[in-house]
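*Asks:* For reference, the sequence and a predicted model appear below.
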Amino acid sequence: MAETGTKRTTVRLAAAILASLMVGFAVLTYLSYTAAFASIDTVTVAAPRAGLVMEKGAKVKYRGIQIGKVETIDYSGDQARLILGINSDDLHYIPSNATVHIAGNTIFGAKAVEFIPPASPSPTALRPDAHVAASAVQLEVNTLFQSLIDLLHKIDPVELNGTLSAFSEGLRGHGDDLGGILSGLNTLARQANPKLPTLQEDFRKAAVVTNTYADAAPDLNTVFDNLPTINKTVVDQQNNLNDTLLATIGLANNAYETLAPAEQDFIDAINRLRAPLKVASEYSPEFGCLFSGIDRGLKEFGPILGVRKAGLFTSSSFVLGAPAYTYPESLPIVNGTGGPNCRGLPDIPNKQHGGSWYRAPFLVTDNANIPYEPFTELQFDAPSTLQFLFHGAFAERDDF
């Protein structure tokens, strides 16, 4: 009997210990599931509203994983303040510039607070007791319905019925036209879609331009303030302005009567300028050194010309006169190439002043060793340069 009592006591004691262990394990499991042993840091989120389905204990997520829960929800005026309890081990994964979005998986489901990782995460993590502003709060169906009901309460059913009836009557018989319009809008939208990045860039640049005008607003206001004074001046001087305009019209008429007879000659002269201007454009790079050389030459040879003193120091003699220019006999055909070349300018080639020793090369022509054939005929009353330019085509020798 004693052994039986001892055995029964042992079984009861073992059952009590097992029950205690099971209860302890259940308690530990519950406490572990509720994060009773986890280190929690609080973060405050301010939002325009929390939503009707945001409750205490709602999930706090980051990259879709729960890292905490909503501990309290308070309201202060139009703002909602949410105290979040976040696991200390997970808080350092959230960058300090992360945004907060309050939304639910469905429009009817409970909401959760989710930290959205930014495109360029900050190197510093979110600190405990930090304050973050919610960037967006999902709209709920009941809020939408309430807004719709408030709108419908302000609409007179009779007037709404009349408007819809008139709209229906206007569309009756015009279905094809409406379909064509919608099809055209669809085509337009399809063509506009590829241009949306360009349009967005234009809007961005428009913001820059708008800021520029905003900076110049004081100056523009000053201009607008001066406009009445300018207008008054124009009104006061309207007679003088009228006389000026009439005189300008008269001058234009006289100029037209003077220049109209020579209209074709002016056109021909301008056409003839194309060739020399083309050559001048090709050799324009050497103009700078040419003018610099002329300036230096004036300084070097100035004493010979007298400079500021009246007179000219020269040694003169009589030579035979140069023949007049005629076309095409006097026109050499230059076959040399090479493009513009300063030939050492602005340094004047001479031995005394350490010049560049450049010499203009002999140009290759089509008339052997006589590049410019001398004129041996006697000629009187040779044509002037103006006659060559404004008297039709180039003059021939036999024309004079």
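*Replies:* Arrived safely, thanks for sending.

*Asks:* Enumerate the positions of stretch 270-286 that are buried.
*Replies:* Glu286 (16 or more other Cβ atoms under 10 Å). Using the backbone N, CA and C atoms, a C-beta is placed for each residue, glycine as well.

*Asks:* now stretch 287-297
*Replies:* For stretch 287-297, using 16+ other Cβ under 10 Å, the buried residues are Cys289, Gly293.

*Asks:* Show the average pLDDT along it.
*Replies:* Mean per-residue pLDDT for stretch 287-297: 86.

*Asks:* got a list of contacts for stretch 235-245?
*Replies:* Residues outside stretch 235-245 that contact it (Cβ atoms under 8 Å, 6 or more residues apart in numbering): Val234.

*Asks:* Quick one: mean pLDDT over it.
*Replies:* Stretch 235-245 comes out at a mean pLDDT of 89.

*Asks:* what about the helices in the stretch 51-200 of the chain?
*Replies:* With DSSP state H, counting those that start in this stretch as the criterion, the stretch 51-200 of the chain has helices at 88-91, 141-153, 157-171, 175-192, 196-215.

*Asks:* where does the stretch 51-200 of the chain have low pLDDT?
*Replies:* In the predicted model of the stretch 51-200 of the chain, residues 51-54, 105-109, 136-146 satisfy pLDDT under 70.

*Asks:* Swap in 90 and give it another go.
*Replies:* 51-184, 186-200 (pLDDT under 90).

*Asks:* helices or strands next to the longest strand along the chain in the packing?
*Replies:* Looking across the chain with DSSP state E, the single longest strand is strand 65-76. Contacts defined by 3 or more Cβ pairs under 8 Å, 6 or more residues apart in numbering; DSSP states H and E place strand 65-76 against strand 59-62, strand 79-87, helix 88-91.

*Asks:* ok, now with 10 Å
*Replies:* Where contact means 3 or more Cβ pairs under 10 Å, 6 or more residues apart in numbering; DSSP states H and E, strand 65-76 is packed against strand 40-47, strand 59-62, strand 79-87, helix 88-91, strand 111-116.

*Asks:* Make JSON lines from these and add mean neighbour count and distance to Asn240 to it.
*Replies:* What follows is the helices and strands packed on strand 65-76, written out as JSON lines (neighbours: other Cβ atoms under 10 Å; distance: least, Cβ to Cβ, whole Å):
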{"stretch": "strand 40-47", "mean neighbour count": "18", "distance to Asn240": "69"}
{"stretch": "strand 59-62", "mean neighbour count": "18", "distance to Asn240": "78"}
{"stretch": "strand 79-87", "mean neighbour count": "19", "distance to Asn240": "68"}
{"stretch": "helix 88-91", "mean neighbour count": "15", "distance to Asn240": "81"}
{"stretch": "strand 111-116", "mean neighbour count": "20", "distance to Asn240": "70"}
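
*Asks:* Make a markdown table from those and add distance to Glu71 to it.
*Replies:* Below are the helices and strands packed on strand 65-76 laid out as a markdown table (distance: least, Cβ to Cβ, whole Å):
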| stretch | distance to Glu71 |
| --- | --- |
| strand 40-47 | 7 |
| strand 59-62 | 10 |
| strand 79-87 | 5 |
| helix 88-91 | 14 |
| strand 111-116 | 11 |
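
*Asks:* Neighbours of the residue lying closest to Arg81 once chain neighbours are set aside, how many?
*Replies:* In space, and not counting its chain neighbours, Arg81 is closest to Asp74: 4.5 Å by Cβ to Cβ, 6 or more residues apart in numbering. Number of residues near Asp74 (other Cβ atoms under 10 Å) recorded here: 11.

*Asks:* Buried residues in the helix or strand Lys7 falls within, which are they?
*Replies:* According to DSSP states H and E, Lys7 maps onto helix 2-33. Within helix 2-33, no residue counts as buried by 16+ other Cβ under 10 Å.

*Asks:* repeat for stretch 61-80
*Replies:* Buried residues in stretch 61-80 (16+ other Cβ under 10 Å): Lys61, Tyr62, Ile67, Gly68, Lys69, Val70, Glu71, Ile73, Ala80.

*Asks:* Looking at the residues you listed, which one is closest to Asp219?
*Replies:* In terms of Cβ to Cβ, no member of the buried residues of stretch 61-80 lies closer to Asp219 than Ala80, at 45.7 Å.

*Asks:* From Val132, how far off is the closest one?
*Replies:* As defined by Cβ to Cβ, to the nearest Å, Ala80 lies at a distance of 13 Å from Val132.

*Asks:* which residues are in contact with both of the two?
*Replies:* Val45, Ala46, Ala47 (Cβ atoms under 10 Å, 6 or more residues apart in numbering).

*Asks:* Any idea what the last one is bridged to?
*Replies:* Beta-bridge partners recorded for Ala47 (DSSP bridges): Ala80.
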